[in-house]
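Participant: Just to be clear, the model below is a prediction. Sequence and coordinates:
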Amino acid sequence: MDLEFNKNEDSLKQLCFELKAKLNKTHLGGGEKKIAAQHKKGKLTARERIQFLIDEGSEFLEVGALAGEGMYEKEGGCPSAGVVTGIGYINNRQCVIVANDATVKAGAWFPITAKKNLRAQEIAMENRLPIVYLVDSAGVYLPMQDEIFPDKEHFGRQFRNNAKMSSMGIVQIAAIMGSCVAGGAYLPIMSDEALIVDKTGSIFLAGSYLVKAAIGEKVDNETLGGASTHCEISGVTDNKYDSDEDCLNAIRSIFDKMGDFDKAGFDRIPTVAPKKKEEDLYGILPRDRVKPYDMLEIIHRLVDASDFEEYKPLYGKSLICGTARIDGWAVGIVANQRTIVKSKKGEMQMGGVIYSDSADKAARFIMNCNQRKIPLVFLHDVSGFMVGSRAEHGGIIKDGAKMVNAMANSVVPKFTIIIGNSYGAGNYAMCGKAYDPRLIFAWPTAQLAVMSGGSAAKTLLQIKIAGLKSEGKELSPEGEEKLLKEITDRYNEQLSPYYAAARLWVDGIIDPLETRQILSKGIEAANHAPITERFNVGVIQT
């Protein structure tokens, strides 16, 4: 190993250490005192409920763990958006689990909470996975109701999704394990089965205080909407249980008797570990974002037996395309190449940029994967499409559009891993969030933005200077330097993968060594949803 490899390794391992520390803090939700208060009521926390519910020894693939990170500081923060979501196994059946975290503002819904719940439902709908709701929420966070209540992707969308999933035959099970009030009361009742924990679970459109204010009736919450009321009088819930554990065991029993599911039929054989050492991933990726490296070395440490069959290896070299297996699953991989390559005309090119020939190659490869029913994996380290007169005259816009068209119309499931840069139209062409990847995760080295920090900061500085000049003002060189630093710092904060994860532009940030496992679980989930559409790229110039 050379010195540069060791430095790269130290840098990425430090980033992974910081990620783990941040996740550990996030997993505490509202803090240890709030957790103790939850236990004092005889209740498990959201994460404890999930751990009890899923199969012993199985891993829970959390989605959106860092949602809300750094947001709502004036409100005291909202760790994990006040709800834990992800994919788990119950009696060997994959499912989506949504658990309100009552240690965070009593499980109240912030704007990002709504977005995260809808993302969980989206995963269930796309992959035809059963979904379990562990409900313990005070409802909408009223000080921010205007940002969560009325719009298309707000609070009410989840009930629309309840109805849609019901019509699609997706099993929905709800367990009321704490508060379930107002509009939120519809969620469990629109599910196939509604379970409730005695004495701690309650469900009503309006609590006792609001009832008294609205109609003058004096009634306690237990009489109004407790387990006995809804299991014995209203019939709103199906069964009541003495404890969280009893209720969760009842859900496991339901899953134990579920029938099998239709499958998409993606090809899988027994898994084989990569021949090349996976831990080398830490040292291959350069600390310096502009330094070249060979993406093939990354791929060889992600795929089974390090066996990768490259498509058109001598053409369009700034994009790598090819087939392989990940944990036994057949996959097609599209990855940016950031090493120095030669074009057909012989000149040297720096990778990370998509050229016309590369876009053309990728479009054809995506079509082939759709023909053969092979899921697609996109590995990002992209600066964008090539610019300049030669690129424009060569039809870069047409070839780029061809690639985007093929990717957007792909009917096989797509999965995205952002390894390094993900800038501008390159993010779009490589199946960024706007193009419906089934899962999208980032390494701690990822950056997402319209352009790199340096380029953006200089552009923004020139705009600011021009604006000041129009007002008859001028900045000194020292003033320009200070302003540039302020702009750069602000822009770099927005480039961070944590900024993206907080807003659910990515489903999470992962240690590189988790990549294979996450992709495998994602493809396993996608295999629950048979492909019913035919691949058609629509109108496209050739």
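Facilitator: That came in fine, so what should we check first?
Participant: where does stretch 124-134 sit relative to the chain's centre, distance-wise?
Facilitator: 15 Å (Cα atoms, centre = their mean, to the nearest Å).
Participant: Stretch 499-509 now?
Facilitator: Taking Cα atoms, centre = their mean, one finds stretch 499-509 lying 6 Å from the centre of the chain it belongs to.
Participant: Only alpha carbons, please: show that stretch as PDB.
Facilitator: The C-alpha coordinates for stretch 499-509 follow below in PDB (Å, rounded to 0.1, in the frame of the first residue of the first chain):
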ATOM      1  CA  TYR A 499     -27.700  18.300   4.200                       C
ATOM      2  CA  ALA A 500     -29.100  16.000   1.500                       C
ATOM      3  CA  ALA A 501     -30.000  13.200   4.000                       C
ATOM      4  CA  ALA A 502     -31.800  15.700   6.300                       C
ATOM      5  CA  ARG A 503     -34.100  16.700   3.500                       C
ATOM      6  CA  LEU A 504     -34.500  13.100   2.200                       C
ATOM      7  CA  TRP A 505     -32.800  13.800  -1.100                       C
ATOM      8  CA  VAL A 506     -31.100  10.500  -0.300                       C
ATOM      9  CA  ASP A 507     -32.400   7.700   1.900                       C
ATOM     10  CA  GLY A 508     -29.300   7.800   4.100                       C
ATOM     11  CA  ILE A 509     -25.500   7.900   4.400                       C
END
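Participant: In CSV, list the C-alpha atoms belonging to stretch 249-261.
Facilitator: In CSV, the C-alpha atoms belonging to stretch 249-261 read as follows (Å, rounded to 0.1, in the frame of the first residue of the first chain):
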residue,chain,number,x,y,z
ASN,A,249,-46.3,-10.7,18.9
ALA,A,250,-49.8,-10.6,17.5
ILE,A,251,-48.4,-8.8,14.4
ARG,A,252,-45.8,-11.6,14.1
SER,A,253,-48.6,-14.1,14.2
ILE,A,254,-50.4,-12.3,11.4
PHE,A,255,-47.3,-12.5,9.2
ASP,A,256,-46.8,-16.2,10.1
LYS,A,257,-50.0,-17.0,8.2
MET,A,258,-49.6,-14.8,5.1
GLY,A,259,-49.6,-16.4,1.7
ASP,A,260,-46.7,-16.2,-0.8
PHE,A,261,-46.3,-13.3,-3.1
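Participant: where does the stretch 401-542 of the chain have low pLDDT?
Facilitator: 451-457, 538-542 (pLDDT under 70).
Participant: Could you rerun that using 80?
Facilitator: Filtered on pLDDT under 80, the stretch 401-542 of the chain yields the residue ranges 450-461, 464-469, 471-492, 537-542.
Participant: Mind telling me what element the nearest residue to residue 511 once chain neighbours are set aside is part of?
Facilitator: Nearest residue to residue 511, sequence neighbours excluded (Cβ to Cβ, 6 or more residues apart in numbering): residue 16, at 4.8 Å. Every residue, glycine included, has its C-beta placed from N, CA and C. Under the criterion of DSSP states H and E, residue 16 resides in helix 3-26.
Participant: any idea of the mean pLDDT in that helix?
Facilitator: The pLDDT scores in helix 3-26 average 96.
Participant: Against which helices or strands is it packed?
Facilitator: helix 281-284 (3 or more Cβ pairs under 8 Å, 6 or more residues apart in numbering; DSSP states H and E).
Participant: now the helix it packs on: how far from the chain's centre is it?
Facilitator: Put simply, helix 281-284 sits 24 Å off its chain's centre (Cα atoms, centre = their mean).
Participant: I would like the residues contacting the helix or strand following that helix, please.
Facilitator: Going down the chain from helix 281-284, the next helix or strand is helix 295-299, by DSSP H and E. For helix 295-299, the surrounding residues in contact (Cβ atoms under 8 Å, 6 or more residues apart in numbering) are 276, 280-281, 284-285, 308, 310, 320, 322, 324, 333, 335-339, 351, 379, 381, 419.
Participant: same thing but at 6 Å, please
Facilitator: Identification of contacts with helix 295-299 by Cβ atoms under 6 Å, 6 or more residues apart in numbering yields 284, 308, 320, 335, 337.
Participant: So for it, mean pLDDT?
Facilitator: Helix 295-299 comes out at a mean pLDDT of 97.
Participant: for stretch 74-85, same thing?
Facilitator: Taken as a whole, stretch 74-85 has a mean pLDDT of 95.
Participant: and if you look at stretch 187-199?
Facilitator: 92.
Participant: centre of the chain versus it, how much separation?
Facilitator: Distance, stretch centre to chain centre, for stretch 187-199: 27 Å (Cα atoms, centre = their mean).
Participant: Give me the buried stretch members for that stretch, please.
Facilitator: For stretch 187-199, burial by neighbour count (16 or more other Cβ atoms under 10 Å) applies to 187, 188, 189, 190, 191, 193, 194, 195, 196, 197, 198.
Participant: ok, the last one touching residue 228?
Facilitator: Read that as residue 198. No: using Cβ atoms under 6 Å, residue 198 is not in contact with residue 228; the gap is 7.2 Å.
Participant: which residues sit in contact with residue 247?
Facilitator: Residue 247 is in contact with 175, 195, 197, 241, counting by Cβ under 6 Å, 6+ apart.
Participant: Look up the closest residue to it, ignoring the ones flanking it.
Facilitator: Nearest residue to residue 247, sequence neighbours excluded (Cβ to Cβ, 6+ apart): residue 241, at 4.1 Å.
Participant: do residue 498 as well
Facilitator: Nearest one to residue 498, counting by Cβ to Cβ, 6+ apart, is residue 69 at 5.7 Å.
Participant: For that neighbour, give me phi and psi.
Facilitator: As for residue 69, its main-chain torsions (degrees, to the nearest 10) stand at phi -60, psi 120.
Participant: give me the number of residues near residue 228?
Facilitator: 13 (other Cβ atoms under 10 Å).
Participant: okay, now residue 255: neighbour count?
Facilitator: By other Cβ under 10 Å, the residues close to residue 255 number 19.
Participant: what helix or strand is it on?
Facilitator: helix 244-256.
Participant: which stretches of the stretch 1-150 of the chain aren't confidently modelled?
Facilitator: 1, 141-142.
Participant: quick one: the helices in it?
Facilitator: In the stretch 1-150 of the chain, the helices defined using DSSP state H, counting those that start in this stretch lie at 3-26, 32-40, 46-53, 111-127.
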